[in-house]
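Participant: Just the structure for this:
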Amino acid sequence: MKKTQHQKHIGIITAMLLAAILTSCALSAGPAAGEGSRAASPAGGTESMPALSGQEAAGSGTSAAEEAGSAASSEVSAAKETGAETSCSEEAGSEDSETAETADGAAEGEPETEPSFTMPETIADLKAMDLSNIPYITPEMTDILASRIVRSVPGNDYDLSAFRKEDGFIVYEAEGYECLRGIDVSSHQGEIDWAAVRAAGIDFVMIRAGFRGYGESGSLNEDGMFRTNLAGARKAGLAAGAYFFSQAINEEEAALEADFVLGILDGEELDLPLVFDTEHIRGDEARTDSVRLSQFTENALAFCRRIEEAGYQPMIYTNLLWEALVYDMEALSEYPVWYAGYDPVPVTPYRFDLWQYSESGTVPGIEEAVDLDLWIRKAAP
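Facilitator: Model (predicted):
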């Protein structure tokens, strides 16, 4: 997937959010239960958005995120000391700001006012917020983000020490579990040699079936390589699931998207879930910009219910930013989660089955960079 212009800020942003939420959760008593992205162009291309991830494991696994917290906190401290978390535009304007403040007669030694953190209400607010422009985490922001954790939602109880790299892929080795190596693809990967992919040890694939353009018309489109990829993957022996990139602005459009992808499948069975994937569009105006954030939970429910009625297993694609600020995770808790987070370990506080851990993987048989995924499931008795 292509990189966005904001990609360079993501490591610092991720560490900031991790430290904020982890610190707050570590101080709370008892167990806690909250842009990897495929932004479809108006014509249908996909480009990546960096994912933010972080937080405490919930339920019986409260120590998991604490293991990841110290590293994140160290990175934040280093970033603060060097000023690296300040955006380029802020750096350019810092001298003028200081001059203006002096001209206004600010008293020497007067304490600085911490920037406020306001919860976004629409996608436009979320985009305008641009976390790279928050110079440092404030107690207010820490409290707000931590308060967004829904403790009644099943938590991430994976043992973070059981994740490790093996031949360029992440695996999970814990008693009672098994994991499968996977990728997710769209027409952006072009022609794929599926036999070579299978020979490289890939067990499954999530394939983009279609997308809605983010332009004003919001046209519905089938991915040009979906049928070819599905047939090729199956012939090579890979398990296959599918996803639809949504830009629905209401429940009615989300239901239409579900009907559209069901029409593409036309009764074709899938080995893995059919995923609802909606994200905000970086670097361009989008038809979803004015939509209230609460609407996206309703959209996800409308899509998933229609998919379930048709006999498929629905799933929701998400990341920390959407878990914390957009989705009502309790309302969506009946559906399995495909979590996107490009940290060394999956530090979302919520339970997930599928983890997209890289957007820049290299796999034999695929010329372009490809997303890497890990499916974790209970081992058969």
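Participant: Which pLDDT value goes with Asp343?
Facilitator: On pLDDT, Asp343 comes in at 88.
Participant: could you list every residue that touches Met329?
Facilitator: Listed by Cβ atoms under 8 Å, 6 or more residues apart in numbering, the contact set of Met329 reads 34, 150, 153, 323, 350. To be clear about C-beta, it is placed using only N, CA and C from the backbone, and glycine gets the same treatment.
Participant: my bad, Val275
Facilitator: 206, 241-244, 314-317, 338.
Participant: just these now: which is nearest Ile170?
Facilitator: Trp338 (15.0 Å; Cβ to Cβ).
Participant: My reading is that that closest one lies in a strand. Confirm?
Facilitator: Yes - under DSSP: H, G, I helix; E, B strand; the rest coil, Trp338 falls within a strand.
Participant: so it bridges to which residues?
Facilitator: Per DSSP bridges, the residues bridged to Trp338 are Tyr317, Leu354.
Participant: likewise Thr122?
Facilitator: Bridge pairing for Thr122 - DSSP bridges - gives Arg292.
Participant: neighbours around it, how many?
Facilitator: Neighbourhood size, Thr122 [other Cβ atoms under 10 Å]: 17.
Participant: Next one: it from Leu325, what distance?
Facilitator: As judged by Cβ to Cβ, to the nearest Å, Thr122 and Leu325 stand 11 Å apart.
Participant: rewinding a little: between the contacts of Met329, identify the one with the most neighbours.
Facilitator: Ranking those using other Cβ under 10 Å puts Gly34 first, with 29 neighbours.
Participant: returning to that earlier point: among the contacts of Met329, name the ones in strands.
Facilitator: Nothing among the contacts of Met329 maps onto strands, per DSSP state E.
Participant: Turn those into TSV, columns for distance to Leu265 and pLDDT.
Facilitator: Shown next, in TSV, are these (distance: Cβ to Cβ, whole Å; pLDDT from 0 to 100):
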residue	distance to Leu265	pLDDT
Gly34	31	30
Val150	32	89
Val153	29	94
Glu323	28	92
Tyr350	28	94
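Participant: any chance of those residues in a markdown table, plus distance to Asp271?
Facilitator: What follows is the contacts of Met329, written out as a markdown table (distance: Cβ to Cβ, whole Å):
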| residue | distance to Asp271 |
| --- | --- |
| Gly34 | 29 |
| Val150 | 30 |
| Val153 | 27 |
| Glu323 | 26 |
| Tyr350 | 24 |
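Participant: on that earlier part again, if any of the contacts of Val275 are buried, give me the ChimeraX selection for them.
Facilitator: Those of the contacts of Val275 that count as buried under 16 or more other Cβ atoms under 10 Å are selected in ChimeraX with:
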select :206,241,242,243,244,314,315,316,317,338
